[in-house]
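Student: Following is a predicted model, sequence given first.
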Amino acid sequence: MSIGRLEERIMQENEVTETTQAEPTSVGAEVAAQPERARFNLEVPAASAESATAAEVVMATKGMEVFYGSFRAVDTVDLDFNAREITALIGPSGCGKSTVLRSLNRMNDLIPGAKVTGRVTYHGEDIYDPDIDPVEIRRRIGMVFQKPNPFPKSIFDNIAFGPKIGGFKGNMDDLVEESLRKAALWDEVKDKLSDSAFALSGGQQQRLCIARAIATSPDVLLMDEPCSALDPIATLRIEELMFELKEDYSIVIVTHNMQQAARVSDRTAFFSVDVDDAGQRTGKLVEFNSTAQLFTSPDEKETEDYITGRFG
């Protein structure tokens, strides 16, 4: 189905209002009945908290495997990511955490020989359908990388770049301010928007990258070890920001820091590695559960061994 036909169908579906009631799936989740969003709705603002319940599945993988050529990098992964939740992906180096993360917005398309099998759905639509535009997917599913990577432009132009490319027709000044406020950076940069983004500290640059990601109105944010290059104070600020952002966005974070996963996430997926006789390492999903249960009473011994430091 093409994007145009998908939009037409969604507009028709939006004429019917549905409500859902869901049970909480994480510690502290609240039950609420709210209008259910149409699948892959390109017209309704994606970050609207009124349009989702805490247990609405925004993204899901079913039987997902990732290959680089003939090499299977990640074996079967079944996950679901809920609205207004933070999901952490943890595990030892080389277990495929970042590979899985990049597969959620088709960033692996940019790697020669990379192939994803199974299904990865966003509001019920398979994002790997050949008729789905990967650029639109990346607009709806934003990415923040391990190392801050601001563009060699002004602070203002860093935020405005994505919306300009996407044909934004509204007030750009207001959008830039709103994005910087959501990233808790506005008060620090409001008097120097024309300055180079490189003049900011590392922590400020990372928050700028978060602001740049949310300026295109996503409803999912992917974060690949966003604090690994930051000092403890900047790390704390990013973690506080995650709590604020999850009111409007689904967040998936890859982290090597188990304490961070325990602090910020609602649910956690633990990945490990299988090594065959030839020494080939294949990542695998071992356990996916609420963060509280996974860290205090895991179902799998392999999970317990990892979080207690017996391996990894």
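Tutor: Nice, I can see it. Residues are numbered from 1 along each chain as shown.

Student: can you map out the strands along this structure?
Tutor: For the chain, the strands defined by DSSP state E cover 19-20, 34-35, 57-68, 71-82, 86-90, 114-122, 125-126, 141-144, 220-224, 250-254, 267-275, 281-290.

Student: quick one: low-confidence parts of the stretch 101-250 of the chain?
Tutor: Applying pLDDT under 70 to the stretch 101-250 of the chain flags no residue at all.

Student: If you average pLDDT over each of the strands of the chain, which is lowest?
Tutor: Set side by side, these give their lowest mean pLDDT on strand 34-35, at a mean of 32.

Student: just to revisit the earlier point, adding distance to residue 310, write the strands of the chain out as a markdown table.
Tutor: Quick note: C-beta positions are derived from backbone N, CA and C, even for glycine. Shown next, in a markdown table, are the strands of the chain (distance: least, CB to CB, whole Å):
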| stretch | distance to residue 310 |
| --- | --- |
| strand 19-20 | 42 |
| strand 34-35 | 43 |
| strand 57-68 | 27 |
| strand 71-82 | 22 |
| strand 86-90 | 15 |
| strand 114-122 | 31 |
| strand 125-126 | 39 |
| strand 141-144 | 31 |
| strand 220-224 | 26 |
| strand 250-254 | 22 |
| strand 267-275 | 12 |
| strand 281-290 | 14 |
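
Student: Present those as TSV; the columns should include mean neighbour count.
Tutor: As requested, the strands of the chain are exported to TSV (neighbours: other CB atoms under 10 Å):
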stretch	mean neighbour count
strand 19-20	12
strand 34-35	17
strand 57-68	19
strand 71-82	19
strand 86-90	26
strand 114-122	18
strand 125-126	16
strand 141-144	22
strand 220-224	25
strand 250-254	26
strand 267-275	21
strand 281-290	19
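
Student: and of these, who's closest to residue 191?
Tutor: For residue 191, the closest of the strands of the chain is strand 141-144, at 24.9 Å, according to CB to CB.

Student: Could you export that closest one as PDB, CA atoms only?
Tutor: The C-alpha trace of strand 141-144 is given here as PDB (Å, rounded to 0.1, in the frame of the first residue of the first chain):
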ATOM      1  CA  ILE A 141      10.600   7.300  14.800                       C
ATOM      2  CA  GLY A 142      13.400   9.600  15.800                       C
ATOM      3  CA  MET A 143      17.000   8.600  16.600                       C
ATOM      4  CA  VAL A 144      19.500  10.000  19.100                       C
END
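
Student: what does it rub up against?
Tutor: Contact with strand 141-144 is made by 59, 102, 104-105, 107, 122, 127, 206, 209-210, 213-214, 216, 218, 220-224, 226, as judged by CB atoms under 8 Å, 6 or more residues apart in numbering.
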